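In: Quick one: sequence and predicted model below, then my questions.
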Amino acid sequence: MPYSHVDARVNESQHLLARVLKELRTELELPAAFSPSVIAEAEKAVAQLPMPAADLTALDFVTIDPPSSTDLDQAMYIERDGGGYRLWYAIADVPAFVAPGGELDAETRRRGQTIYAPDGRIPLHPPVISEDAGSLLPDQDRSAFVWEFELDAAAVVSTVSLRRARIRSRAKLNYEQVQQDIDSGEAPVYLQLLKEVGRKRIELERQRGGASLNLPDEEIAHDGRHYFIVARPARPVEDWNAQISLMTGMAAAEIMLEGKVGILRTMPAPDEESEARFRRQTKALGHPWPEGIAYGEYLRGLNTADPKQLALMNAAGSLFRGAGYTPFDGEVPQEQTQAAIAAPYAHTTAPLRRLVDRFVLVICEALCAKTEVPGWARQALPELPQLMAASDQLSGRLERAALDAVEAALLSHRVGEEFDAVVISARNSSNHSNHNSNGNGRQDAVPHGTIQISDPAVSARCDGELQAGTAIRARLVEADIVKRTVRFELISPA
């Protein structure tokens, strides 16, 4: 059967989209391939890697990651210990591969983190490390930093230690598989304990006033012919697993604060104006945030399958602002807390994919062993916030540009159509200055706002006098793949 006009337009838009996504690498000046000298240094480090004397290969470590992941940073094992738990959390021994002051060290500082582009990831480390010798792949002896926790019956940390040890992962598991096994009751004991500990850690998060933005997982996928956006709610096991990582980051922060040297991931509490604005949004979208209910508890009660509540969860991100890195050496910083976690916190569980974790691991190991913190790690502390901020900004620009382009492509053949939508936010003629312009050069004097449509799941600009929280009908007037813009106009209330 010959293609319809719509099929032809879709295929044409996909070809254009592929070109635009590829050009993002040049436009954003994303890192290119590793130089031969950096690769040679990485290969030499792999060949000469010393294994730790401590041997924990008898423990049944497993990794839990997306199915396609090969850069496996963490492996876990839990067992019951009296009325509580004993938990081992192994982290890839990236410092063993990166010689301080070498070319590989310099290259990782330039990159800052692994960047995930629609046409393939741009790794922080050469694949010989990130996807092979440094990755905690199954049935392979690996050097790792192993955190060991004793937890009481409520999953409160009683003791914590960190040391290098040899480990061997038994299996590479994925979230869907683990969730099915737990739900069916057929999961091995250590996975059943992950559920127990994870749920208890969530309760502890609730008690201390922490909050998790459990947004649907949204990523750009490619089936060999077409790019599209996949969005799905997070599975409970992902939250349970994330709680182990959060617990480890909190432990790392406490160790460094006690030792008076390190680097924290900090974020200020929301200011009164931002909180008041979010409260107005919750009321406008029909799901008000009651007085006396903690912020995190309110967010946990949102159902992201409901477009209005999903819009609220996205809007909640406006309160999670100002995150940064706070280094210190000799005196503890005045600002110590990551407000969303409601505790001091440090990045320490993803050294294959994030630069700062390598330094936190080395510092915490030295402090736990009561040995001198390596000078190269201390010397790097002042520059790490700027390096991480630059890479975070680059990663965010790529993610937003790629999503904008894909959204425009998904809608490019539907210009002129009408959609049901929910208004997320509004900037009307009565509530803003006539002298500002937005990023597309349009004058903000034009009343407009942001709306959410459900099929496909896209949020975009809509021109017209809008009211946050209302249901409307909107017409698509622009979906430009090259400009990466989508724009609607208000027709009427739905």
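Out: Yep, it's here.
In: what's the model's confidence in the helix ranked longest in the chain, averaged?
Out: Longest helix of the chain, by residue count under DSSP state H: helix 384-411. The average pLDDT within helix 384-411 is 94.
In: got the buried residues for it?
Out: Judged by neighbour count (16 or more other CB atoms under 10 Å), helix 384-411 contains these buried residues: 384-385, 387-388, 391-392, 394-395, 398-399, 401-411. To be clear about C-beta, it is placed using only N, CA and C from the backbone, and glycine gets the same treatment.
In: strand partners of whichever helix or strand comes after it, parallel vs antiparallel please.
Out: Where DSSP states H and E defines the elements, the next helix or strand beyond helix 384-411 is strand 418-427. Its sheet considered, strand 418-427 pairs with strand 448-454 (antiparallel), strand 471-480 (antiparallel) by DSSP bridges.
In: Return the residues in contact with residue 70.
Out: By CB atoms under 8 Å, 6 or more residues apart in numbering, the contact set of residue 70 is 130, 131, 135, 137.
In: Measure how buried the second one is and give me the count.
Out: The local packing count at residue 131 equals 18, with neighbours defined by other CB atoms under 10 Å.
In: Would you state the strands of the stretch 51-200 of the chain in chain order?
Out: Per DSSP state E, counting those that start in this stretch, the stretch 51-200 of the chain carries strands over the ranges 61-65, 74-81, 84-92, 115-117, 120-122, 141-151, 157-174.
In: Relative to residue 24, which of those is closest?
Out: Between residue 24 and the strands of the stretch 51-200 of the chain, the shortest gap by CB to CB is with strand 115-117, which sits at 7.0 Å.
In: what pairs with the closest one, and is each one parallel or antiparallel?
Out: Strand 115-117 pairs in its sheet with strand 120-122 (antiparallel), by DSSP bridges.
In: outside of the strand it pairs with, which residues touch it?
Out: Against strand 120-122 from outside (CB under 8 Å, 6+ apart): 30, 31, 111, 114, 115, 116.
In: How is this structure divided into domains?
Out: 41-267+324-392, 269-321, 415-493 (automatic domain parsing).
In: can those domains go into CSV with extra columns for distance to residue 22?
Out: Formatted as CSV, the domains of the chain follow (distance: least, CB to CB, whole Å):
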stretch, distance to residue 22
domain 41-267+324-392, 6
domain 269-321, 28
domain 415-493, 13
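In: Check these for me and report the most buried one.
Out: Using mean count of other CB atoms under 10 Å, the stretch among the domains of the chain with the largest mean neighbour count is domain 41-267+324-392, at a mean of 18.
In: right, and out of the contacts of residue 70, which lies closest to residue 248?
Out: Distance to residue 248 across those (CB to CB) is lowest for residue 135, with 18.4 Å.
In: about what we covered before: quick one: which of the strands paired with strand 418-427 is nearest residue 351?
Out: Of all those, strand 448-454 sits nearest to residue 351, with 36.8 Å by CB to CB.
In: Low-confidence stretches in the stretch 251-400 of the chain?
Out: Applying pLDDT under 70 to the stretch 251-400 of the chain picks out residues 307.
In: does residue 33 count as helix, strand or coil?
Out: coil (DSSP: H, G, I helix; E, B strand; the rest coil).
In: ok, and what's touching the helix or strand containing residue 202?
Out: Residue 202 belongs to helix 189-208 when assigned by DSSP H and E. By CB under 8 Å, 6+ apart, the residues outside helix 189-208 that reach it are 60, 62, 76-80, 85, 87, 151, 154-156, 178, 181-182, 187, 211-212, 236-237, 239-241, 243-244, 246-247, 294, 296-297, 300, 341-343.
In: Let's see stretch 458-476 as PDB, backbone CA atoms only.
Out: Extracted in PDB, the C-alpha atoms of stretch 458-476 (Å, rounded to 0.1, in the frame of the first residue of the first chain):
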ATOM      1  CA  VAL A 458       3.800  17.900  25.200                       C
ATOM      2  CA  SER A 459       3.800  21.200  27.100                       C
ATOM      3  CA  ALA A 460       4.200  24.300  25.000                       C
ATOM      4  CA  ARG A 461       3.400  28.000  24.700                       C
ATOM      5  CA  CYS A 462      -0.200  29.100  24.000                       C
ATOM      6  CA  ASP A 463      -1.100  32.600  23.000                       C
ATOM      7  CA  GLY A 464      -4.300  34.100  24.500                       C
ATOM      8  CA  GLU A 465      -5.800  35.200  27.800                       C
ATOM      9  CA  LEU A 466      -5.400  32.100  29.900                       C
ATOM     10  CA  GLN A 467      -6.100  31.100  33.500                       C
ATOM     11  CA  ALA A 468      -4.000  28.500  35.300                       C
ATOM     12  CA  GLY A 469      -5.800  25.300  36.000                       C
ATOM     13  CA  THR A 470      -8.500  25.600  33.400                       C
ATOM     14  CA  ALA A 471      -9.300  23.200  30.600                       C
ATOM     15  CA  ILE A 472      -9.200  24.800  27.100                       C
ATOM     16  CA  ARG A 473      -9.300  24.000  23.400                       C
ATOM     17  CA  ALA A 474      -6.200  25.200  21.600                       C
ATOM     18  CA  ARG A 475      -5.200  25.300  17.900                       C
ATOM     19  CA  LEU A 476      -1.600  24.300  16.900                       C
END
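In: hang on, residue 20 in a helix?
Out: Yes: checked against three-state DSSP, residue 20 lies within a helix.
In: who touches it in this structure?
Out: The contact partners of residue 20, by CB under 8 Å, 6+ apart, come to 405, 481, 482, 484.
In: if we go to 7 Å?
Out: By CB atoms under 7 Å, 6 or more residues apart in numbering, the contact list for residue 20 reads 405, 481, 482.
In: one step back: mind exporting the C-alpha coordinates of the helix holding residue 202 to PDB?
Out: The C-alpha trace of helix 189-208 is given here as PDB (Å, rounded to 0.1, in the frame of the first residue of the first chain):
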ATOM      1  CA  VAL A 189      15.500 -12.500  49.900                       C
ATOM      2  CA  TYR A 190      17.900  -9.600  49.200                       C
ATOM      3  CA  LEU A 191      15.400  -8.100  46.800                       C
ATOM      4  CA  GLN A 192      12.500  -8.500  49.300                       C
ATOM      5  CA  LEU A 193      14.700  -6.800  51.800                       C
ATOM      6  CA  LEU A 194      15.400  -3.900  49.300                       C
ATOM      7  CA  LYS A 195      11.600  -3.300  49.400                       C
ATOM      8  CA  GLU A 196      11.600  -3.400  53.200                       C
ATOM      9  CA  VAL A 197      14.500  -1.100  53.600                       C
ATOM     10  CA  GLY A 198      13.400   1.200  50.700                       C
ATOM     11  CA  ARG A 199       9.900   1.700  52.200                       C
ATOM     12  CA  LYS A 200      11.300   2.400  55.600                       C
ATOM     13  CA  ARG A 201      13.800   4.900  54.200                       C
ATOM     14  CA  ILE A 202      10.900   6.600  52.400                       C
ATOM     15  CA  GLU A 203       9.100   6.900  55.800                       C
ATOM     16  CA  LEU A 204      12.300   8.400  57.300                       C
ATOM     17  CA  GLU A 205      12.400  10.900  54.400                       C
ATOM     18  CA  ARG A 206       8.800  11.800  55.200                       C
ATOM     19  CA  GLN A 207       9.600  12.300  58.900                       C
ATOM     20  CA  ARG A 208      12.500  14.600  58.300                       C
END
